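**Q** Output the structure for:
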Amino acid sequence: MNLKNTLARSITLVAVLLALVLGWFAWEHYTRAPWTRDARVRADVVTLSADVAGRIVSLQVQDNQHVDKGQLLLEIDPAQYALAVEHAKRSVEVAVATLGQSEAAIAASAAQLKQRQSEERRRRSLKQGFAISGEEWEKSNTDVAVAQADLLRDQANLGLAQANVHLAQAALKQAELDLQRTRVEAPVSGYVTNLQTRQGDYASAGAALLALVDSDSFYVSGYFEETKLPRIEEGSAVRIQLMSGETFGGKVQSIAFAITDRENSQGSRLLANINPSYTWVPVRIAIDPDYPGRDRLRAGTTATVTVLE
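**A** Numbering: from 1, shown residues only. Here you go, the predicted model:
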């Protein structure tokens with residue numbers, strides 16, 4: 001009988017000790033261990049718009065389609081922009097021709113000035129020898145002044161013609177750039193998502209046309225309580241489990257340096273009205289590049305993250 005009582009007491013004591021140990025481990029895990037259920041898969045989303053306005057004449061993608069960097073997504077009617085390029089080319093030709101006329105006019109004015117100056121020097125010598133009257137010399141001197149004024153005028157016209165050539169060339173480059181921008185190409189490789197644009201729609205310059213999820217930018221963002229941050233370091237290995245069951249690894253990439261304190265509002269008498277609670281700090285986690293299921297990840301899905309110590 002005593003043996004049975006002793007055995008029962010021993011079993012009870014072992015059970016109590018085991019319960020205490022398990023309770024301690026549970027307390028340690030749930031209060032101090034760096035893990036969180038509040039994590040989500042995220043990715044960079046590029047919002048694409050057209051730099052020029054016009055009717056969409058070609059839409060080369062479908063919703064949820066994967067595209068490569070540089071792939072044509074859509075094209076805006078290029079007709080008016082092609083005409084603008086031709087008009088700009090003609091304007092450049094006219095400006096260059098005008099510049100040539102100005103250069104020729106300067107050459108003629110310079111030659112005439114040289115001739116008038118030579119004539120003025122010859123008549124000055126004749127005047128000093130009383131071979132001609134002073135009136136004739138003054139006329140030649142006036143002709144020199146007029147020729148100098150003509151040369152200055154032509155030089156000013158040359159500067160204006162050069163400026164017009166530069167402006168015409170700049171307008172041509174802008175027209176060519178606008179024509180090039182009628183083709184909207186993918187700036188990154190990724191997935192077209194929530195496509196609402198249709199062929200035939202009118203695209204306004206700067207208005208969003210489609211969203212592209214960068215396929216190389218997926219990461220996990222987990223929110224950890226501030227009490228668990230001392231056990232989290234950049235480079236720490238983590239285990240990520242999606243709500244759908246997939247499990248894969250990753251590493252802590254960075255920890256946010258600032259968060260907004262929404263609990264700190266102004267109370268009575270201008271005192272801070274603070275609701276005491278734990279603050280959740282976002283941690284960015286890089287996904288294991290060797291994870292074979294990266295192509296199946298979806299931004300916004302929920303995950304549980306455990307930091308492996």
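
**Q** what mean pLDDT does the host helix or strand of residue 116 have?
**A** Here residue 116 sits within helix 79-128, counting by DSSP states H and E. The average pLDDT for helix 79-128 rounds to 79.

**Q** Tell me the helices and strands packed up against that helix.
**A** helix 134-180 (3 or more Cβ pairs under 8 Å, 6 or more residues apart in numbering; DSSP states H and E). Glycine gets a C-beta too; all of them are placed from N, C-alpha and C.

**Q** Can you spell out which helices and strands pack onto the helix it packs on?
**A** Packed next to helix 134-180, using 3+ Cβ pairs under 8 Å, 6+ apart, are helix 79-128.

**Q** now the angle between helix 134-180 and the helix it packs on, please.
**A** Put simply, helix 79-128 runs at 170 degrees to helix 134-180, going by axes from the mean of the first three to the mean of the last three Cα atoms, to 10 degrees.

**Q** re the thing from before, so how far is the helix holding residue 116 from its chain's centroid?
**A** From the chain centre to the centre of helix 79-128 is a distance of 46 Å (Cα atoms, centre = their mean, to the nearest Å).

**Q** can you check stretch 249-264 too?
**A** 24 Å.

**Q** So which bits of that stretch are buried?
**A** 250, 252 (16 or more other Cβ atoms under 10 Å).

**Q** What mean pLDDT does that stretch get?
**A** Across stretch 249-264, pLDDT averages out at 83.

**Q** For that stretch, output the C-alpha coordinates as CSV.
**A** Taking Å, rounded to 0.1, in the frame of the first residue of the first chain, the C-alpha atoms of stretch 249-264 are listed here in CSV:
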residue,chain,number,x,y,z
GLY,A,249,13.8,30.3,-45.3
GLY,A,250,15.0,33.8,-45.3
LYS,A,251,17.2,36.4,-43.6
VAL,A,252,16.6,39.6,-41.7
GLN,A,253,17.5,42.3,-44.1
SER,A,254,16.8,45.4,-42.0
ILE,A,255,14.8,46.7,-39.0
ALA,A,256,12.8,50.0,-39.2
PHE,A,257,14.4,52.9,-37.5
ALA,A,258,11.1,54.9,-36.9
ILE,A,259,7.4,54.3,-36.6
THR,A,260,4.4,56.5,-36.0
ASP,A,261,3.1,56.6,-32.4
ARG,A,262,-0.6,56.7,-33.0
GLU,A,263,-1.3,56.2,-29.4
ASN,A,264,0.2,59.5,-28.3
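
**Q** which residues are contacting that stretch?
**A** 219-220, 229, 232-240, 272-275, 277, 279-288, 291, 305, 307 (Cβ atoms under 8 Å, 6 or more residues apart in numbering).

**Q** The residues you listed in strands, which ones?
**A** 219-220, 237-240, 272-274, 280-287, 305, 307 (DSSP state E).

**Q** Now, of those, which are buried?
**A** 219-220, 238, 240, 281, 283, 285-287, 305, 307.

**Q** ok, the residues you listed vs residue 170, which is closest?
**A** Nearest to residue 170 among those, counting by Cβ to Cβ, is residue 219 at 42.7 Å.

**Q** Any idea what that closest one is bridged to?
**A** residue 42, residue 286 (DSSP bridges).

**Q** likewise residue 251?
**A** Here residue 251, judged by DSSP bridges, has bridge partners residue 237, residue 286.

**Q** ditto for the one 4 residues further on
**A** Under the criterion DSSP bridges, residue 255 forms beta bridges with residue 283.

**Q** Output the lowest mean pLDDT helix or strand found in the protein.
**A** Among the helical and strand segments of the chain, the one scoring lowest on mean pLDDT, DSSP states H and E is strand 272-274, with a mean of 57.
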